[in-house]
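Colleague: Predicted structure and sequence below. I'll ask about it afterward.
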Amino acid sequence: MCSLFAATYPEKTSALVMIGTYAKRIWDPEYPWAPTVESRSKFFDEIRDHWGGPVGLDLRAPSVAADPLFRTWWSTYLRMGASPGAALRLTQLNSEIDVCRVLPSIRVPTLVLHRTNDRTLLVEEGRYVAGLIPDAHFVELPGDDHLPFVGDQDAMLDEIEEFLIGSRRRLELNRVLATVMCARVLAAPDAKGVADAPGRIDGFYAHARKELEWFRGRCFAANPGGFVSTFDGPARAIRCASAISAAAPRFGVDCRIGLHTGECDVRDETVSGVAVDTAAQVAAHAAMSEVLVSRTVKDLVAGSGLGFEDHGKHALDGVPGDWRLFAVERRVSRIPNS
């Protein structure tokens, strides 16, 4: 359909990208890579008899075909995509498709990607398609998975990005606005005055990770002394911080959290910048199991129903000026909404 659209409406098509593609699905002497009629009939029978299970996965994603979790996911994906009858009919229709005569009519920039050892659609089919489209760019990538979201996805995305915008993204550095949570974590002394009981912090971190997932936070750094996370919503960050802080005493842990919203430099699995430094300094002024936020955070969540107590002005090391901080009241909703 993409080929037909590109050929019919070139004025509406900026580019055409095909991955693991083909021109037709039934063998003939001029197209010897397609399955025979008998082979397709066997596949139709497999759909009739086994739709709802991991149909076709061994050929489409051999690198994960033995993974029980992926087999279950693939089965669910198929069931949600089509009923058995619809799946059979769509596959039969695909077998009748032949775009060999359409391809030379395509006049838009075209990229054809194909993995060398694709077991579902042979690499020769991709070359054939690219050869029929005027000025098409063909790229052969290593691998034997047909599904583009299995195997080396980044290699495909890089080729697509370069093709569409002219060059790969050279800098992986991204500057984003985010609410940063910096948590200082220590094992609180127990009744005997022992502060390093085994497993306390590990158990607390396991719980904190669940809370971060629930509130859609991204954890960039975690060590015995604390962790750093970012959120795209300040209210959700506050609710997450409050939930984590409230749980800390149950694990015998002293957790002090600071929040600030500002620009961050995100690269790979690290986050840095003035916002991170500021959040860390805010956390340094927090008391045991307390969540402190900067004025910036407080002003961004007006109308959210969150309550604050004025914590006064503070000088933050390495951050110019005096900062008014606010302690989050403990009556916070656990709903991760905004």
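Modeller: Sure, I can see it.

Colleague: next one: stretch 8-27 to chain centre, how far?
Modeller: Centroid separation for stretch 8-27 versus its chain: 27 Å, with CA atoms, centre = their mean, to the nearest Å.

Colleague: ditto for stretch 223-242
Modeller: Mean C-alpha position of stretch 223-242 versus that of the full chain (CA atoms, centre = their mean) differs by 19 Å.

Colleague: Renumber starting at 627 from here on
Modeller: Understood, numbering begins at 627; the last thing we discussed is stretch 849-868.

Colleague: In PDB, could you pull the C-alpha coordinates for that stretch?
Modeller: Provided in PDB are the C-alpha atoms of stretch 849-868 (Å, rounded to 0.1, in the frame of the first residue of the first chain):
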ATOM      1  CA  ASN A 849      24.300   4.000  44.800                       C
ATOM      2  CA  PRO A 850      24.300   3.300  48.600                       C
ATOM      3  CA  GLY A 851      24.300   7.000  49.300                       C
ATOM      4  CA  GLY A 852      21.300   7.900  47.200                       C
ATOM      5  CA  PHE A 853      19.800   8.100  43.700                       C
ATOM      6  CA  VAL A 854      18.800  10.600  41.000                       C
ATOM      7  CA  SER A 855      15.600  10.500  39.000                       C
ATOM      8  CA  THR A 856      13.800  12.700  36.600                       C
ATOM      9  CA  PHE A 857      10.100  13.300  35.800                       C
ATOM     10  CA  ASP A 858       8.200  15.100  33.100                       C
ATOM     11  CA  GLY A 859       5.600  16.400  35.600                       C
ATOM     12  CA  PRO A 860       6.400  18.100  38.900                       C
ATOM     13  CA  ALA A 861       3.200  17.000  40.600                       C
ATOM     14  CA  ARG A 862       3.900  13.400  39.800                       C
ATOM     15  CA  ALA A 863       7.500  13.800  41.000                       C
ATOM     16  CA  ILE A 864       6.300  15.200  44.400                       C
ATOM     17  CA  ARG A 865       3.800  12.400  44.800                       C
ATOM     18  CA  CYS A 866       6.500   9.800  44.000                       C
ATOM     19  CA  ALA A 867       9.000  11.400  46.400                       C
ATOM     20  CA  SER A 868       6.300  11.500  49.200                       C
END
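
Colleague: what is the rounded mean pLDDT of that stretch?
Modeller: The average pLDDT for stretch 849-868 rounds to 90.

Colleague: ok, now stretch 903-921?
Modeller: 92.

Colleague: export that stretch as CSV, just CAs?
Modeller: What follows is stretch 903-921, C-alpha atoms only, in CSV (Å, rounded to 0.1, in the frame of the first residue of the first chain):
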residue,chain,number,x,y,z
ASP,A,903,23.1,20.2,41.4
THR,A,904,20.3,22.4,42.7
ALA,A,905,18.1,19.4,43.6
ALA,A,906,21.0,17.8,45.4
GLN,A,907,21.6,20.9,47.5
VAL,A,908,17.8,21.1,48.3
ALA,A,909,18.0,17.5,49.5
ALA,A,910,21.0,18.4,51.7
HIS,A,911,18.7,20.7,53.7
ALA,A,912,16.0,18.1,54.3
ALA,A,913,15.4,16.4,57.6
MET,A,914,14.8,12.7,58.1
SER,A,915,12.0,11.4,55.8
GLU,A,916,11.3,14.9,54.6
VAL,A,917,10.7,16.1,51.0
LEU,A,918,11.8,19.6,50.2
VAL,A,919,11.1,21.4,46.9
SER,A,920,12.4,24.6,45.4
ARG,A,921,10.1,27.6,44.8
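
Colleague: what does that stretch contact?
Modeller: 806-810, 814, 852, 854, 864, 867-868, 871-872, 874-875, 880-888, 934, 937, 940, 942-945, 949-954 (CB atoms under 8 Å, 6 or more residues apart in numbering). Every C-beta, even on glycine, is put in place using the N, C-alpha and C of the backbone.

Colleague: Among those residues, which are located in strands?
Modeller: Members of the contacts of stretch 903-921 lying in strands (criterion: DSSP state E): 806-810, 852, 854, 880-888, 934, 937, 940, 942, 945, 949-954.

Colleague: Would you write out the ChimeraX command that picks the buried residues out of these?
Modeller: Buried residues among the ones in strands among the contacts of stretch 903-921 (16 or more other CB atoms under 10 Å), as a ChimeraX selection:
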select :806,807,808,809,810,852,854,880,881,882,883,884,885,886,887,888,934,937,940,942,945,949,951,952,953,954
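
Colleague: Show me where this structure has its helices.
Modeller: Using DSSP state H, the helices of the chain run over residues 628-634, 663-676, 683-686, 694-707, 710-722, 749-758, 779-791, 826-840, 860-873, 900-910, 921-926.

Colleague: okay if I get those helices as a markdown table plus distance to D771 and mean neighbour count?
Modeller: Shown next, in a markdown table, are the helices of the chain (distance: least, CB to CB, whole Å; neighbours: other CB atoms under 10 Å):
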| stretch | distance to D771 | mean neighbour count |
| --- | --- | --- |
| helix 628-634 | 21 | 17 |
| helix 663-676 | 18 | 13 |
| helix 683-686 | 7 | 17 |
| helix 694-707 | 11 | 14 |
| helix 710-722 | 19 | 14 |
| helix 749-758 | 13 | 19 |
| helix 779-791 | 10 | 14 |
| helix 826-840 | 28 | 17 |
| helix 860-873 | 36 | 25 |
| helix 900-910 | 38 | 23 |
| helix 921-926 | 44 | 18 |
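
Colleague: Understood, closing this out.
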